[in-house]
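> My questions are about this predicted structure, shown below with the sequence.
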Amino acid sequence: MPEIEFTIDTETGNCETKINGIQGPACEETARKLRQVLGTPSIDRKTSDYHVKTTTRRRVGANE
């Protein structure tokens, strides 16, 4: 299940955001939308979820 986790340092006010369960281009799109709301991050790291290649299978034949 996709989720976005926010961790706020109460001393500095810094907010760390982690996107979980969203892969590849969809993850980048989610991150782009977060940047629009939260501003440019001081650090931007790609997790293993980002690097997972999504697969699409094409079915050929009659729909039954």
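Nice, thanks for sending it over. Residues are numbered from 1 along each chain as shown.

> Quick check: buried residues in the worst-scoring helix or strand of the chain on mean pLDDT?
The weakest-scoring helix or strand in the chain, judged by mean pLDDT, DSSP states H and E, is helix 48-51 (a mean of 73). By 16 or more other CB atoms under 10 Å, the buried positions in helix 48-51 come out as 49-50. The C-beta positions use only the backbone N, C-alpha and C, and glycine is treated the same way.

> Could you do stretch 26-39 as well?
For stretch 26-39, by 16+ other CB under 10 Å, it's 27, 31.

> can you tell me which helix or strand the most centrally placed residue in the chain belongs to?
Closest to where the C-alpha atoms of the chain average out (CA atoms, centre = their mean) is residue 27, at 3.1 Å. Using DSSP states H and E, residue 27 sits in helix 24-38.

> Which strands or helices does that helix pack on?
Counting contacts by 3 or more CB pairs under 8 Å, 6 or more residues apart in numbering; DSSP states H and E, helix 24-38 is packed against strand 15-20, helix 48-51.

> Is it possible to get TSV of the ones you listed that adds distance to residue 38?
Below are these laid out as TSV (distance: least, CB to CB, whole Å):
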stretch	distance to residue 38
strand 15-20	7
helix 48-51	18
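
> need the contact list for the residue nearest to the centre of the chain.
19, 49-50 (CB atoms under 8 Å, 6 or more residues apart in numbering).

> Residue 5 now?
17-20.

> and if you look at residue 47?
Contacts of residue 47 (CB under 8 Å, 6+ apart): 18-20.

> Please report how far the residue lying closest to residue 21 once chain neighbours are set aside lies from residue 31.
Leaving aside its sequence neighbours, residue 21 sits nearest to residue 2 (CB to CB, 6 or more residues apart in numbering; 4.0 Å). Distance from residue 2 to residue 31, counting by CB to CB, to the nearest Å: 13 Å.
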